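> structural data only, the sequence is not supplied:
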């Protein structure tokens, strides 16, 4: 516990959950409502996942554990099970409406970091698991603009179990809040700001990296056409192998866009 502590403030936290959230490396987690934890229906099946000290771990999370007389080894076992149990509860909670709202606020503040891809223009990321089974895969960060995943920069975050967030969360969030889906192209004003350097764009210098104003307004085919891709060039000419690969990619993309447009015409026929 001493290694995980973030300082004196976390040592004197009012509740176990507040202590856990204030610990370094746990910044990705949202605060699970106590009412959610106390509802045993929400914990169905977790006693089979947390085999060791399940009851006392739950008591520790809800601050109802009587720890007097417990030796150090037992306390450590209960603490380890409590962290594991909270992570599993967290994965269920963040796909509820209340949990999604809390994670949305963290997403808006870019608490999970920003996409390292240049053409994503500092897009905020979301945590995602590659497996819903514990101890299989570590957490990754999903970019909704390039739709790729990345490893966290910090080793503390990179060691978090992906099952604590699950494979469903980021996609559920965008289903509930479709206005937060970023466009595939460049947002207005980003080119001048990023091309000239930070703080040298027009206006007051407020760097707004939030979702663009036209989020959700374009069709799938239009969004696909706006996606940007880097092409290696020498004196203005594309490199030979890259040029051949680029022609193949463009042909595949054009074919896919044609199929998307045909599907959209079938789904939404013009009014006569």
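Right, received. Where do you want to start? Remember, predicted model here, so these are calculated numbers, not experimental data.
> where do the helices of the stretch 101-250 of the chain begin and end?
155-158, 169-176, 190-196, 220-226, 240-267 (DSSP state H, counting those that start in this stretch).
> okay, those, which one's buried deepest?
Among those, the stretch with the highest mean neighbour count (mean count of other CB atoms under 10 Å) is helix 169-176, at a mean of 18. (Each C-beta comes from the backbone N, C-alpha and C, glycine too.)
> residue 95 against residue 170, yeah?
No. With contacts counted by CB atoms under 8 Å, residue 95 stays clear of residue 170, the gap being 10.1 Å.
> just to revisit the earlier point, mind checking which of the helices of the stretch 101-250 of the chain is nearest residue 114?
Comparison of these against residue 114 by CB to CB identifies helix 190-196 as nearest, at 12.6 Å.
> any stretches of the stretch 151-272 of the chain with poor pLDDT?
In the predicted model of the stretch 151-272 of the chain, residues 185-221, 223-227, 229-232, 234, 238-240, 242, 271-272 satisfy pLDDT under 70.
> tell me which stretches of the stretch 101-250 of the chain form strands.
126-128, 140-142, 149-150, 233-234, 237-238 (DSSP state E, counting those that start in this stretch).
> where does the stretch 1-150 of the chain have low pLDDT?
In the stretch 1-150 of the chain, residues with pLDDT under 70: 1-13.
> 90 instead, please
Scanning the stretch 1-150 of the chain for pLDDT under 90 picks out the ranges 1-14, 51-52, 65-72, 119, 146-147.
> just give me the neighbour total for residue 30.
20 (other CB atoms under 10 Å).
> OK, contacts around it?
By CB atoms under 8 Å, 6 or more residues apart in numbering, the residues touching residue 30 are 90, 93-94, 99, 102-103, 106.
> against residue 128, how distant is it?
From residue 30 over to residue 128 the distance is 14 Å, taken as CB to CB, to the nearest Å.
> now do residue 248
In terms of CB to CB, residue 248 sits 30 Å off from residue 128.
> Provide a list of residues in contact with residue 159.
Residues near residue 159 by CB under 8 Å, 6+ apart: 25, 138.
> same thing but 6 Å
For residue 159, the contact set (CB atoms under 6 Å, 6 or more residues apart in numbering) is empty.
> list phi and psi for it.
phi -90, psi 0 (degrees, to the nearest 10).
> look up how far residue 65 lies from the residue positioned nearest the centre of the chain.
Ranked by distance to the mean C-alpha position of the chain (CA atoms, centre = their mean), the top residue is residue 126 at 1.4 Å. According to CB to CB, residue 126 and residue 65 sit 33 Å apart.
> in contact with residue 86, which residues?
Residue 86 makes contacts with residue 61, as judged by CB under 6 Å, 6+ apart.
> mind redoing it with 7 Å?
20, 61 (CB atoms under 7 Å, 6 or more residues apart in numbering).
> now the strands of the stretch 101-250 of the chain as TSV including distance to residue 266?
Converted to TSV, those look like this (distance: least, CB to CB, whole Å):
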stretch	distance to residue 266
strand 126-128	32
strand 140-142	31
strand 149-150	33
strand 233-234	39
strand 237-238	36
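> nearest to residue 165 among these would be which one?
strand 126-128 (4.5 Å).
> partner strands of that closest one, parallel or antiparallel?
strand 140-142 (antiparallel) (DSSP bridges).
> how distant is the partner strand from the center of its chain?
Mean-position distance between strand 140-142 and its chain equals 6 Å (CA atoms, centre = their mean, to the nearest Å).
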